[in-house]
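Undergrad: Here is a sequence with its predicted model. Questions after.
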Amino acid sequence: MTYRVGIINVTGYAGMEAARLLWNHPAARLVAATGRSLAGQRLGEAFPSLGLYEDLPITETIEADVDVVFSSLPTAESAKACAPFVRAGVKVIDIAADFRLKAPGAFEQWMGGGQPHPAPDLLPEAVYGLPELNRDRIAAARLVANPGCYPAAAILALAPAVRAGIIEPTIVVDAKSGISGAGRGSGGGFGYSEVNEDVSAYKIANHNHQPEIAQELGALRGGEEPRVTFVPHLVPMTRGIHATCYAPLAREITQAEVLDLYRDFYHAAPFTSVSTVPPHTKHTLGTNRCIVHPVVDARNGMLVVASVLDNLGKGAAGQAIENMNLMLGIDQAAGLQLPAVYP
Ligand SMILES: NC(=O)C1=CN([C@@H]2O[C@H](COP(=O)(O)OP(=O)(O)OC[C@H]3O[C@@H](n4cnc5c(N)ncnc54)[C@H](OP(=O)(O)O)[C@@H]3O)[C@@H](O)[C@H]2O)C=CC1
Ligand SMILES: CC(=O)N[C@@H](CCC(=O)OP(=O)(O)O)C(=O)O
C-alpha cells in the first residue's frame with residue numbers, strides 16, 4: 001500500500017526538505033503541495049533541487065485525497081490550516097509550533113503574538129512528536145506537534161538524565177544553529193555578508209523554545225518543570241544544531257554508569273545514538289539522526305551533554321516523517337535510513 005501525503009506550504013525550507021525525503025519513501029508518495037506565491041508552478045520547476053517532481057503542481061489548497069498532511073506554515077498560521085484535516089480524519093503533523101505548548105495562555109504568550117489559539121479544542125489531544133519519549137502516543141494520535149529544532153536537540157540530550165533523577169533541575173542549554181533555522185523568509189540580518197564570519201547570541205532569556213524544553217523535561221519528572229536557561233546562537237553554517245547542556249549532578253555517578261544509562265534509554269530508538277566522542281553537526285547533515293555525548297565532569301560535580309542534529313532533519317522534516325511512519329503503523333525508519341552528507 002502507498003499512502004498519499006500532502007504538504008501545506010512546500011515553499012519553505014522545512015516543506016522542501018519533507019518533499020526531498022519523501023521522494024524515496026517506500027510506502028508514501030507526495031501527491032499534493034501548497035504554496036502561496038508559487039501556486040500554479042510545478043514543484044520541480046519552482047525548486048530545481050526538487051526537479052524530480054517534474055509533474056507535481058503547487059496549488060493554493062490541498063484538493064486531492066490524502067492520508068497524511070504535514071503543515072510547514074509559519075508558526076501561528078498553521079493551526080487553522082491543520083484543523084479541517086484533523087476533523088476530516090486525515091492524520092496531521094504540524095511542523096510549526098502551534099500545538100506544542102499545553103499550559104493555558106502559553107500559545108498566546110510565546111507563539112501567537114497575543115492572539116488566541118485558532119483551534120483550542122484540538123490542543124489537548126496533540127501529542128508532542130518526539131518518538132524517543134512518546135512512541136505509543138504518537139502511533140495512536142491523529143494530530144502530532146512536531147518538536148522545534150532546538151528543543152529536539154536539548155530534550156534528547158537531557159531526557160535520560162532527567163528521568164533517572166541524576167541531575168538537579170537547574171539546567172543550562174547553550175545552543176548553536178545554522179542559518180537555515182531562520183527559514184527562507186528570514187529577511188534582514190541573515191544575508192551572507194552579515195552572517196558569514198560572525199557568531200551572536202539572540203533572544204537570551206526570552207526565546208519561545210525555552211518553555212517547550214521546560215515543558216517536556218518537566219513531563220519526565222511528574223510535571224515539575226526544571227529551571228532551564230536557554231541561550232541560542234546563530235553560527236555561519238547552513239544546517240545543524242549543536243546544543244551543549246549543563247546541569248549539576250544530584251549524586252555521585254561514574255562516566256561508565258552514565259553511558260549505560262543513556263544507552264539503555266535509547267536502545268530502541270532508531271535515530272538517536274550515544275557517542276563516546278564529541279559529535280559534529282556534519283555527522284547528521286541531511287539525516288534524521290541525533291547524536292548525544294554525555295560526560296561526567298567529576299571535578300565540578302556536573303553533567304555535560306553535547307548533542308547534534310540537522311535542524312531540517314531530526315529538527316523538522318525528518319522527524320515529521322518518522323512521526324508519520326508511527327501514525328501509519330509502518331516501519332518507524334521507513335525512508336529515513338540515510339548516511340550523512342560528509343564532508
Ligand atoms: N527552518 C527550520 O529549521 C525549522 C522550521 N520549523 C517550522 O517550520 C515552519 C516553516 O519554517 P521554514 O520552512 O523555516 O520557513 P521559511 O521561512 O523557509 O518559509 C516560509 C514560507 O512560508 C511562506 N509564507 C510566509 N507567510 C505565509 C503565510 N502567512 N501563509 C502562507 N505562506 C506563508 C513564504 O512563502 P511565500 O512568501 O512565497 O508565500 C515562505 O517561503 C515554521 O513554523 C517553523 O517554525 C520547525 C523546525 C525547524
Ligand atoms: C536560527 C533561527 O532563527 N532559528 C529559529 C528556530 C527554528 C524554528 O523554526 O523553530 P520553531 O519551529 O519553533 O519555530 C529561531 O530561533 O526562532
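TA: Perfect, thanks for sending it. Here the structure is a predicted model, which is why all the values come from computation and not from measurement. Ligands and ions are numbered 1, 2, ... in the order given.
Undergrad: Verify the contact between Val5 and Ala27 for me.
TA: No. Because the distance of 10.2 Å does not satisfy CB atoms under 8 Å, Val5 is recorded as not touching Ala27. Every C-beta, even on glycine, is put in place using the N, C-alpha and C of the backbone.
Undergrad: How about the residues of this structure by ligand 1?
TA: Applying CB under 6 Å from any ligand atom, one finds that the chain approaches ligand 1 through 9, 11-15, 36-37, 72-75, 77-78, 95-97, 148-149, 180-181, 183-186, 311-312, 315-316.
Undergrad: Show me which of the residues you listed are buried.
TA: For the residues of the chain next to ligand 1, a burial check counting by 16 or more other CB atoms under 10 Å picks out 9, 11-15, 72-73, 75, 78, 95-97, 148-149, 180-181, 311-312, 315-316.
Undergrad: quick one, which of Val5 and Ala27 is more surrounded?
TA: Neighbour count, other CB atoms under 10 Å: between Val5 and Ala27, Val5 has more, with 27 against 14.
Undergrad: and the helix or strand harbouring that one, average pLDDT?
TA: Assigned by DSSP states H and E, Val5 falls within strand 3-8. Confidence for strand 3-8, expressed as mean pLDDT, is 98.
Undergrad: before we move on, what about stretch 281-299?
TA: Mean predicted lDDT for stretch 281-299 stands at 98.
Undergrad: and it, how far out from the chain's middle?
TA: Stretch 281-299 sits 15 Å away from the centroid of its parent chain (CA atoms, centre = their mean, to the nearest Å).
Undergrad: Need the pLDDT of Val127.
TA: Predicted confidence (pLDDT) for Val127: 98.
Undergrad: For Lys314, see how far away it is.
TA: Separation of Val127 from Lys314 (CB to CB, to the nearest Å) stands at 17 Å.
Undergrad: One more: Cys149?
TA: Distance, Cys149 to Lys314, by CB to CB: 8 Å.
Undergrad: Beyond the strand holding Val5, next helix or strand please.
TA: Strand 3-8 is succeeded, C-terminally, by helix 13-22 (DSSP H and E).
Undergrad: Other residues contacting the strand holding Val5?
TA: 15, 18-19, 22, 27-34, 62, 64-73, 78, 81-82, 324, 328 (CB atoms under 8 Å, 6 or more residues apart in numbering).
Undergrad: Each with direction, which strands does it pair with?
TA: Partners of strand 3-8 in the sheet, by DSSP bridges, are strand 28-34 (parallel), strand 68-71 (parallel).
Undergrad: so which of the ones you listed is the most packed in?
TA: Highest mean neighbour count of the strands paired with strand 3-8: strand 68-71, a mean of 27 (counted as mean count of other CB atoms under 10 Å).
Undergrad: And the longest helix anywhere in the chain, what's buried?
TA: The residue-count maximum for a helix in the chain (DSSP state H) belongs to helix 149-164. Within helix 149-164, the residues scored as buried using 16+ other CB under 10 Å are 149-162, 164.
Undergrad: Mind pulling up the pLDDT for Gly185?
TA: Predicted confidence (pLDDT) for Gly185: 79.
Undergrad: Ok, Phe85 next?
TA: So Phe85 comes in at 98 (pLDDT).
Undergrad: what's the answer for Arg42, then?
TA: For Arg42, pLDDT reads 98.
Undergrad: and the residue lying farthest from the centre of the chain, how far is that from ligand 2?
TA: The C-alpha centroid of the chain is most remote from Arg299, which lies 33.8 Å away (CA atoms, centre = their mean). Distance of Arg299 to ligand 2, given as CB to the nearest ligand atom, to the nearest Å: 33 Å.
Undergrad: same check, this time on Ala320
TA: According to CB to the nearest ligand atom, Ala320 and ligand 2 sit 11 Å apart.
Undergrad: again with Ala306
TA: For Ala306, the distance to ligand 2 - CB to the nearest ligand atom - is 19 Å.
Undergrad: Cool, thanks, talk later.
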